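1. pasting the structure only:
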């Protein structure tokens with residue numbers, strides 16, 4: 001992704017939250033369910049065009065796979081540099 005203001009290549013941090021993973025048995029890669037994710041590309045990138053949205057936050061719980069399918073080309077595009085971080089939403093044990 002390029003910044004329109006400076007026309008430089010950007011690396012976008014992508015943060016996701018997942019649930020449904022037993023960390024004693026598996027890793028987050030390819031397991032669990034994505035709850036939400038966010039993308040921040042720096043202060044020069046605006047997701048609305050009017051300067052009001054610097055971070056994209058996507059709620060996957062409400063839209064499920066259909067929402068992920070909209071973002072799939074971006075998320076899978078290896079030409080767009082991304083740093084991925086995953087947070088786990090742990091289920092309390094009773």
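-> Perfect, thanks for sending it. Quick caveat: nothing in here was measured; it's all calculated off a predicted structure. Numbering: from 1, shown residues only.

2. Residue 40 bridge partners, please.
-> For residue 40, the beta-bridge partners are residue 55 (DSSP bridges).

3. Over to residue 33?
-> Assessed by DSSP bridges, residue 33 has beta-bridge partners residue 19.

4. contacting residues around it?
-> Listed by C-beta atoms under 8 Å, 6 or more residues apart in numbering, the contact set of residue 33 reads 18-20. Bear in mind the C-beta positions are built from the backbone N, C-alpha and C, glycine included.

5. okay, it: pLDDT?
-> The per-residue pLDDT reported for residue 33 equals 83.

6. What distance do you get for it to residue 80?
-> 24 Å (C-beta to C-beta, to the nearest Å).

7. Helices of this protein, start to end?
-> In the chain, the helices defined using DSSP state H lie at 60-76.

8. lowest average confidence, helix or strand, in this structure?
-> strand 82-88 (a mean of 65; mean pLDDT, DSSP states H and E).

9. Near residue 39, how many other residues are there?
-> Residue 39: 20 surrounding residues under other C-beta atoms under 10 Å.

10. Report the separation between it and residue 28.
-> In this view, residue 39 and residue 28 are 18 Å apart by C-beta to C-beta.

11. Low-confidence ranges, the chain, go.
-> 1-10, 84-94 (pLDDT under 70).

12. redo that, cut-off 50
-> Scanning the chain for pLDDT under 50 picks out 1-8, 92-94.

13. List the residues that contact residue 58.
-> With C-beta under 8 Å, 6+ apart, residue 58 has these contacts: 36-38, 67, 71.

14. Top of those residues by number of neighbours, please.
-> Using other C-beta under 10 Å as the neighbour criterion, residue 37 leads the contacts of residue 58 with 23 neighbours.
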